[in-house]
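Trainee: the following comprises the amino acid sequence and a computationally predicted model.
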Amino acid sequence: SQQGEEDPQALSIQEGENATMNCSYKTSINNLQWYRQNSGRGLVHLILIRSNEREKHSGRLRVTLDTSKKSSSLLITASRAADTASYFCATVGSQGNLIFGKGTKLSVKP
Amino acid sequence: NAGVMQNPRHLVRRRGQEARLRCSPMKGHSHVYWYRQLPEEGLKFMVYLQKENIIDESGMPKERFSAEFPKEGPSILRIQQVVRGDSAAYFCASSPVAAVDSSGNTIYFGEGSWLTVV
């Protein structure tokens, strides 16, 4: 079953704008991770936030985590056309595998 | 340090044939995960293996699908008697420790194998 559910399913913005994607999950977690997938490619790890962290930054990425609401958000600031991709959140299942949401498809128009 | 290597990248099979997908984990990684991705969807967990052992196969279809990770050599995902619904991208990932035991280690994905059943 899906653990993380992202919204929106699709997001289209202009270059330079910020993009915000949200993720909700169901069970308790140790950490939550965000991945990026370019069309026809594998997943690339972007950032991991631990359950005792509320916010984390990496370059133009900002991730927040609210364990009380079981939700996380990924913010990409000053977006570029090269940011066009699908973005997935993932949590860890009880057996050690990652469980992914359905993803948000981001399109950044130049 | 080479990443997770999957082959073939693209595979076409006729209905009823067998598909074998291979995954060589990163050096030093003994945990392997297989995921399936249907078009426009997220990744669905299939199976988690550690050397010579299946840890969790709760996402594997009960029939026609099998996976192994022998002591020597790559992990193999085998699909027998393929049907059109098996057409998907199959991703392998590896990690040095189980993700659930990790305080921050991530798992690394291969570029995927795209199976088309005609």
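Mentor: Looks like it arrived, so ask away. Residues are numbered from 1 along each chain as shown, chains lettered A, B, ... in the order given.

Trainee: geometric centre of chain B: which residue is closest?
Mentor: B:Trp34 (3.0 Å; CA atoms, centre = their mean).

Trainee: so is the closest residue to that one other than its chain neighbours in a helix, a strand, or just coil?
Mentor: Nearest in space to B:Trp34, with sequence neighbours left out and distances taken as CB to CB, 6 or more residues apart in numbering or on different chains, is B:Met46 at 4.4 Å. In short, each C-beta sits where N, CA and C put it, glycine included. Under the three-state scheme (DSSP: H, G, I helix; E, B strand; the rest coil), B:Met46 adopts strand.

Trainee: please apply the same query to B:Gly59.
Mentor: Criterion first, three-state DSSP; result for B:Gly59: coil.

Trainee: now the strands for chain B?
Mentor: For chain B, the strands defined by DSSP state E occupy B:5-7, B:10-13, B:19-24, B:31-37, B:43-50, B:53-56, B:65-68, B:75-79, B:88-95, B:108-109, B:113-117.

Trainee: each with direction, which strands does the first one pair with?
Mentor: Using DSSP bridges, the strands paired with strand B:5-7 are strand B:19-24 (antiparallel).

Trainee: and the angle from the strand it pairs with to strand B:75-79?
Mentor: Angle between the axes of strand B:19-24 and strand B:75-79 is 170 degrees (criterion: axes from the mean of the first three to the mean of the last three CA atoms, to 10 degrees).

Trainee: what sits up against strand B:19-24?
Mentor: B:4-8, B:11, B:13, B:32, B:34, B:74-79, B:82, B:86, B:90, B:92, B:94, B:110, B:113, B:115, B:117 (CB atoms under 8 Å, 6 or more residues apart in numbering or on different chains).

Trainee: which residues in chain A form strands?
Mentor: Going by DSSP E, chain A shows strands at A:5-7, A:10-14, A:19-24, A:31-37, A:43-50, A:55-58, A:61-66, A:71-76, A:85-92, A:98-100, A:104-109.

Trainee: burial count for the closest residue in space to A:Tyr35 that isn't next to it in sequence?
Mentor: In space, and not counting its chain neighbours, A:Tyr35 is closest to A:Leu43: 4.3 Å by CB to CB, 6+ apart. A:Leu43 sits with 29 neighbouring residues when counted by other CB atoms under 10 Å in any protein chain shown.

Trainee: ok, now which ones touch B:Phe69?
Mentor: B:Phe69 is in contact with B:Val32, B:Leu49, B:Gln50, B:Lys51, B:Glu52, B:Asn53, B:Ser75, B:Ile76, counting by CB under 8 Å, 6+ apart.

Trainee: pipe these into CSV and attach distance to A:Ser72, neighbour count and pLDDT per row.
Mentor: Output for these, formatted as CSV (distance: CB to CB, whole Å; neighbours: other CB atoms under 10 Å in any protein chain shown; pLDDT from 0 to 100):
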residue, distance to A:Ser72, neighbour count, pLDDT
B:Val32, 27, 27, 94
B:Leu49, 28, 24, 94
B:Gln50, 29, 14, 92
B:Lys51, 33, 14, 88
B:Glu52, 36, 11, 87
B:Asn53, 32, 10, 93
B:Ser75, 30, 23, 97
B:Ile76, 35, 15, 98
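
Trainee: thanks a lot, catch you later.
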